[in-house]
Structures are given as C-alpha cells and as structure tokens.
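Peer 1: What follows is a predicted protein model with its sequence.
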Amino acid sequence: MLRDDDSEVKLKKMSVRVRFAPSPTGLLHLGSARTALFNYLFAKKHGGSYILRIEDTDVARNQMEATQNFLENFRWLGLLWDEGPKVGGAYGPYYSSQRLVLYQQYLQQLLDAGQAYYCYCSKQELESERKAAIERGVHYRYSGKCRNHQQPGKTGVVRFKVPQGQELIFKDQVRGEVSFKSDDFGDFIISKADGMPVYNLANVVDDALMKITHVIRGEEHLSNTPLQLMLYEALGWQPPLFAHLPLILSKTGKKLSKRDESTMQFVEQYRTKGYLKEAVINYLALLGWSPPEAHKEEELFSIGQIINLFDLERISKAGAVFDLEKLKWMNASYLKKLSDNEFKLLVQEYLAQQSSNLSYSEDWYLKFSRLFKDSVSSFDDLQEQAAFLLHRELRLAEEAQILVRENQDFLALAASVIQKTSNASWESSVIGGVLKDISLASSRKGKQLFLPIRAAVMGELHGPDLKLSMELLGRECVIKRLQVTENF
RNA sequence: GGCCCGUUGGUGAAGCGGUUUAACACACCAGCCUUUCACGCUGGCACACAGGGGUUCGAAUCCCCUACGGGUCACCA
C-alpha cells in the first residue's frame, strides 16, 4: 500500500516544481505542447518553477535538430522554462544523456540492496516464454527466473524485483483514485545491457533529484505510474503527485499520433502558416480544461488570464478531439483584435517568410492589412484571398472566365473610361466616381456593372472590397487586366 | 487478451442530487447589413446525458453490471 494522505498534504504545501520532459524526436507535437502548457500554467499559477528536461537517453532515436526545434517552438509559444537547457539551474544537468552517473549510482543502490538483479535471458528465450503464455491463454509476465541465479561479474539488463501482493494506489489529481496490483507486473527492466537506464528509472531518478512536486503528463503514462511508484518506494523516496491529462484525439477518435497525417499536428506548422501564438495557446488550453463557473461562457483568454483561472480540478477526464475549425475561428478572433498596424507588421513578416519579394510602400501594406484583417482566419488564407495582389499573373476562376468572355466589350469600355483618368489621384474614393462614369457610359448598374469588372480584375466573383482592391492593384494593372480578355 | 481510463448534440464543453423544459462556443441553416465576399448583428437547428439495474422523496450528477471507445503491455520514451 503506497497511499499516504499526509504526504499529499505536505506536497501541496511545498513550493511547486513541475517539469515537461520530452524525448526529442521529430517536431514538437501539439499534444506535447499542450502538456508543456499545462505544466507551465500550473507552475505560474502557484508561483512555482517550470522545468524543461530533455530525455535523450535513447541514443538511437535522439536527434539534435529535434531538441533545437522543441526549444525554438517553446520560445515562440512563450512557454519559457525557469530551469533547463540554455538557462541552467540548480538541479542540472537537464539533459538525461548527461546524467548517466546518477542513474548508475541508484541502479547500483538497488542492485546492492537486492531490489534489482541482472537478467541473462536472451530475447529469443523471452519471446518463446511470451508465446507459450499466450498459447495457454494466460497473461504474460516475466518469470523472474534469473532472480536467484546471479553470476558474479556477469552483467546484462537489470530488472527490478517487483514486490509481491502490493496494492499500488495513488490519487491522481485529475482522475481521482487509481489502483493497480503489483502482481500484475513481472520484474521489469530498468537498465539496458549497455548500462543505459530505461525510461522508468531515469524518470524517477530525475524527478526525485529535481525535487519535482507534481508530475503532469499525458494519459498514456498512466500505466507507467505503478511501476514508478514501486521505484520510489524502493529508493526510499517520496513520490510526487500525479496528474494525467486526457489525450488529444484526431477525428477518428484515436490518439493524435505523429504518423497520422490527416491533421496538422506540429506547432511549427501553425507558426509558419501564420497563426498567432496567443490563439494556439488559448485553443490548446481549452482542449481538456475549462474555465470556472464565473467565466464559463467566455473562451477568449490571454495567457495571463488562463494562468489565473487554471486549476487541475477543472481538467476533464475524457479525450478531446482536435478541431481545426475552432482553432481557425479563434485565430481569426485574435487577428481582428489587432490594430491595423500590428496586423500590418505581422503580415509583412509572414510575407517575407513566404519569400514573396513584393516591394510596396508602407502605406500600401497598411491598406492591404485593412482590406484583409477581418476576412482571414490565418495569414495562410492570404495565399488564396490575396492571390490577385500577390501574383503578377492572374489566374481566373472558371466562373470568372465565363463572365469575362461574355462581357468583353463592356470590359474594354471600362478600360477606356479608366484610361481617361489621371494616375495621380488613383484611390478608392476617386475610383468610386470612375465606376459611376463606367456605369453611365455603359448604362449598367448593380451586379451587371461590378461583377464583370471584379471577375477580370480579381479573377474571382467574390473577395474583398472592389474599390480598395483596385486601388491597391494600381491603375495600370487594372487597365491591363480589363483589356486582356482573349486568351486566358 | 491482461491491466487501466473514459462515455453530455458533428466538435470543444458547462453541469459536480432538486434553481435544467441540460449553459456557452465552433460548425451548420435562415434573415438583416453589404453594389460581391467576408466581418458584424439577429434568430434557428441540433430533437445530447451509451444501455440496464439499483440508492433516493428526487439522478446527467452516487453505486453496480453490460456495451462501446481509448490508453498501455519494448533492452522507446
């Protein structure tokens, strides 16, 4: 029985220390970002420390760039760590690969105390044991046959001697009481044959040494908890409090996995597509957590507000399906709240990053920003909505082609009317007058008047305000597009 | 298959024994605004508490069973 309510109370009184401990493989995943965020929120809420630790003990899988990518994206999101890579701290090093002596030390302690032992079984042996168990229809557990056959001087993998008949109960901070039986587990491996520690050992040693008070992680780790609890016990350490977060699911209801390509699931993708970090944070926070009663009808929160309202008790237990539509809506909401100038700066940054080499005046960009601020849900939408401005070549949509073809004479007339105007005063208020002139000259009005022009100039039957669009396009360009009516 | 966790409308979710004829938001639909689209505004839809037993004067809320879904069972983390 590993339950101890007094120690829980004690832990809650200690100054909070939480950690996010990713294994750096691939790109930073939304699920990881969400876990990191919740740790961060919890730490900030309680005036504690948020620690970042890189678990890179699996040399084979470890990737240097992955670590860089993680750090970069955390910085972008604003999830800055109080201790960890680059910033250091009193409990370093913060890379598992640099803590090998520590793991070795505690491994030896377990070995010396007879709580762990070398196992010499070959993989084939274990495999056939497993098969045999399955054939007999019983649950496979390692038999423990090496327990009492230790050969001095001979090493191998190290197994932890799982105590018999123990009830492993802990009070998960989000799911309540969860219990396992030690008898359901065979002696599990805590160190590889090459001396590298296995996750469960490294994790426990690190968390204990780093004085972590709350382990907030994904639900996929729930079943590791009993194993870790046994390790804490064996090492004479007080376990931290655990909180297992619900999984983020894809539309298929399965855990969002890196292999599933149906959803954009890397933070970096949202960053490069021009999403605001405020929106990503806000959305992620609401995936599995909801604000308290007094704010239950709101959902746009700044990070500061979220920190304020955050509480482990309000984390839901069921998995949450990731909904891009909602994130888009949220991003659009944040975009609308920006001032024209802020929006302009971000647009310029985005376009520069997309390596569009447009050289327009600041004033042009400002007008451009006003034109699109309320209609895009992310800067990525500009690719479509502003295509007529961003590319010299205009590609006409099918319906626009038809309309242009049917109205060639009218468009030529419109072009000639515009040609009589001066280039100097080409701005939307003047363009309104020009359009009136065209109306007079062609005796057309309403849709008859505007739609063909829109089609020829913008290539689409719908889009942003026509006059402003024409202004941004420039007089020459508009004339040219009105005239080019044959071969498209 | 063993163990563990979960189950409120298409999605996120509120609800933590009575004030619920179950919020709010996204999506969707309609109307208004608009010389288009979008934004915005207004309204609407969804006929949501997985099913079955209990406990209770009273259950979405507590207990049990079943079903379904998910997670996990590596010398990965």
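Peer 2: Ah, there it is.
Peer 1: Residue numbers of the stretch 301-450 of chain A in contact with RNA strand B?
Peer 2: The stretch 301-450 of chain A comes close to RNA strand B at residues A:313-314, A:316-321, A:323, A:325-326, A:328-329, A:332-333, A:336, A:374-375, A:432, A:435-436, A:445-447, A:449-450, as judged by C-beta under 7 Å from any atom of the strand. C-beta: built from backbone N, CA, C; applies to glycine.
Peer 1: of the residues you listed, buried ones?
Peer 2: Those of these that meet the buried threshold are A:319, A:320, A:328, A:332, A:333, A:375, A:435, A:449, A:450, by 16 or more other C-beta atoms under 10 Å.
Peer 1: what about residue A:61, which SS state?
Peer 2: The three-state label given to residue A:61 by DSSP: H, G, I helix; E, B strand; the rest coil is coil.
Peer 1: burial of the spatially closest residue to it that is not a sequence neighbour, as a residue count?
Peer 2: Distances taken as C-beta to C-beta, 6 or more residues apart in numbering put residue A:25 closest to residue A:61, at 5.2 Å, once the chain neighbours are dropped. The number of residues packed near residue A:25 is 15, by other C-beta atoms under 10 Å.
Peer 1: Same question for residue A:11.
Peer 2: Neighbours of residue A:11 under the rule other C-beta under 10 Å: 16.
Peer 1: Looks like it contacts residue A:240 (just checking).
Peer 2: Yes - between residue A:11 and residue A:240 there is a contact under C-beta atoms under 8 Å: 6.7 Å.
Peer 1: Give me the packing partners of the helix or strand of chain A with the lowest mean pLDDT, helices and strands only.
Peer 2: Least confident helix or strand of chain A, by mean pLDDT, DSSP states H and E, is helix A:5-13 with a mean of 76. When contacts are defined as 3 or more C-beta pairs under 8 Å, 6 or more residues apart in numbering; DSSP states H and E, helix A:5-13 sits against strand A:241-245.
Peer 1: tell me what the following helix or strand past the strand it packs on is packed against?
Peer 2: Where DSSP states H and E defines the elements, the next helix or strand beyond strand A:241-245 is strand A:248-249. Secondary structure elements in contact with strand A:248-249, counted by 3+ C-beta pairs under 8 Å, 6+ apart, are helix A:30-45, strand A:320-321.
Peer 1: Which other helices and strands does the next helix or strand after strand A:248-249 contact?
Peer 2: Heading C-terminal from strand A:248-249, the first helix or strand you meet, by DSSP H and E, is helix A:267-272. On a contact count with 3+ C-beta pairs under 8 Å, 6+ apart, helix A:267-272 meets helix A:64-77, helix A:277-285.
Peer 1: now for those helices, which one comes closest to RNA strand B?
Peer 2: helix A:277-285 (8.3 Å; C-beta to the nearest atom of the strand).
Peer 1: Rebuild the helices and strands packed on strand A:248-249 as JSON lines, extending it with mean pLDDT.
Peer 2: Output for these, formatted as JSON lines (pLDDT from 0 to 100):
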{"stretch": "helix A:30-45", "mean pLDDT": "98"}
{"stretch": "strand A:320-321", "mean pLDDT": "96"}
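Peer 1: Just say which of the ones you listed is most tucked in.
Peer 2: Among those, helix A:30-45 has the highest mean neighbour count (mean count of other C-beta atoms under 10 Å), at a mean of 24.
Peer 1: got the CA positions of that helix in CSV?
Peer 2: The C-alpha trace of helix A:30-45 is given here as CSV (Å, rounded to 0.1, in the frame of the first residue of the first chain):
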residue,chain,number,x,y,z
LEU,A,30,0.5,19.6,-30.4
GLY,A,31,0.0,17.1,-27.7
SER,A,32,3.4,17.7,-26.2
ALA,A,33,2.9,21.5,-26.4
ARG,A,34,-0.4,21.1,-24.6
THR,A,35,1.3,19.0,-21.8
ALA,A,36,4.0,21.6,-21.6
LEU,A,37,1.4,24.4,-21.4
PHE,A,38,-0.5,22.8,-18.6
ASN,A,39,2.7,22.3,-16.6
TYR,A,40,3.6,25.9,-17.3
LEU,A,41,0.2,27.2,-16.3
PHE,A,42,0.3,25.2,-13.1
ALA,A,43,3.7,26.5,-12.2
LYS,A,44,2.9,30.1,-12.8
LYS,A,45,-0.4,29.8,-11.1
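Peer 1: Nothing else from me, thank you.
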